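Visitor: next come a sequence and a model predicted from it.
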2 protein chains.
Amino acid sequence: MPFPLPEPMRVALEQAEAAAQAGEVPVGAVIARRGEVIAAAPNAMRTENDPTAHAEMMALRAAGRALGTSRLDGYDLWVTLEPCAMCAGAIALARIKRLYFAAPDPKGGAVLHGPRLFAQPTCHHAPEIYPGIGEGPAAAMLRIFFKERRSF
Amino acid sequence: MPFPLPEPMRVALEQAEAAAQAGEVPVGAVIARRGEVIAAAPNAMRTENDPTAHAEMMALRAAGRALGTSRLDGYDLWVTLEPCAMCAGAIALARIKRLYFAAPDPKGGAVLHGPRLFAQPTCHHAPEIYPGIGEGPAAAMLRIFFKERRSF
């Protein structure tokens, strides 16, 4: 790879790979501050029997527990896929400073697609948004996963 | 009270009262099927140090655990306040059949206000929506809570 990925996205991709191996849609997320990883989690909806257990949600919960607060001002979220409406809403509630996501999600994404939640007039907190870092490996993992399952 | 509230909304209001007593914004939620309560939870963001711990999310997680699935097809969600974007997104992901909410939330709501998530073209599942049941007591509880804290 000509340019090494930033450490948080590298860890998020490892979490996505772990999700795939557990039979989950391969998405991983990390909470970091100044590049230091505070929490990392895979998508775990089926494993946890939890409709809210997207990787971003699991990472936000883990960071809240680790830091003893529900407000993550100043922290960044790194995730391998564009967040959905649920996760984008949680990112706003947690007051995440910067959102880095790898692959775009035209169908389910709610950041640059669909409701574009952070651009809504009633959105009370919007992170800075950095798409595309790690898109190649993140999208490849999703393509392989869904191809094997013929989901689309 | 001239008309008794349906049992699930009565339980949701009890959960909201419990949230207030714990110093949380008083919102409560219930997952039910044909009027039978499966799971109930209060808003617990501060208590749990969890930015995702709105009442609806806690109730969805509890129901998933109780039923051993992340898909709650056929189940209804009852909540004392109009869901925000995070919770509306989770309701769609869980495939909740009917959403009953008591008080409207013009500032933070994402069902009949703001992004109106279930009406978005990319929304892949929308519940039937029944607003207003229990609005009086639910809104009164929120008014008293915020008045005591002078939050607005």
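Guide: That came through, no problem.

Visitor: show me what contacts A:Lys107?
Guide: Shown in contact with A:Lys107 (C-beta atoms under 8 Å, 6 or more residues apart in numbering or on different chains): A:His113, B:Thr122, B:His124. C-beta: built from backbone N, CA, C; applies to glycine.

Visitor: just A:Ala12 next, same as before
Guide: A:Gly28, A:Ala29, A:Val30, A:Ala40, A:Ala55, A:Trp78, A:Val79, A:Thr80, A:Ala102, A:Gly134.

Visitor: among these, which lie within helices?
Guide: A:Ala55 (DSSP state H).

Visitor: mind putting the contacts of A:Ala12 into CSV with distance to chain B and neighbour count?
Guide: CSV is the format used below for those (distance: C-beta to the nearest C-beta, whole Å; neighbours: other C-beta atoms under 10 Å in any protein chain shown):
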residue, distance to chain B, neighbour count
A:Gly28, 17, 31
A:Ala29, 12, 32
A:Val30, 15, 30
A:Ala40, 16, 22
A:Ala55, 12, 31
A:Trp78, 16, 32
A:Val79, 14, 31
A:Thr80, 18, 33
A:Ala102, 19, 27
A:Gly134, 23, 22
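
Visitor: now render the contacts of A:Ala12 as TSV, adding pLDDT.
Guide: Output for these, formatted as TSV (pLDDT from 0 to 100):
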residue	pLDDT
A:Gly28	98
A:Ala29	98
A:Val30	98
A:Ala40	98
A:Ala55	98
A:Trp78	98
A:Val79	98
A:Thr80	98
A:Ala102	98
A:Gly134	97
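
Visitor: give the buried residues for stretch A:66-85.
Guide: Buried residues in stretch A:66-85, counting neighbours by 16 or more other C-beta atoms under 10 Å in any protein chain shown, are found at A:67, A:69-72, A:75-85.
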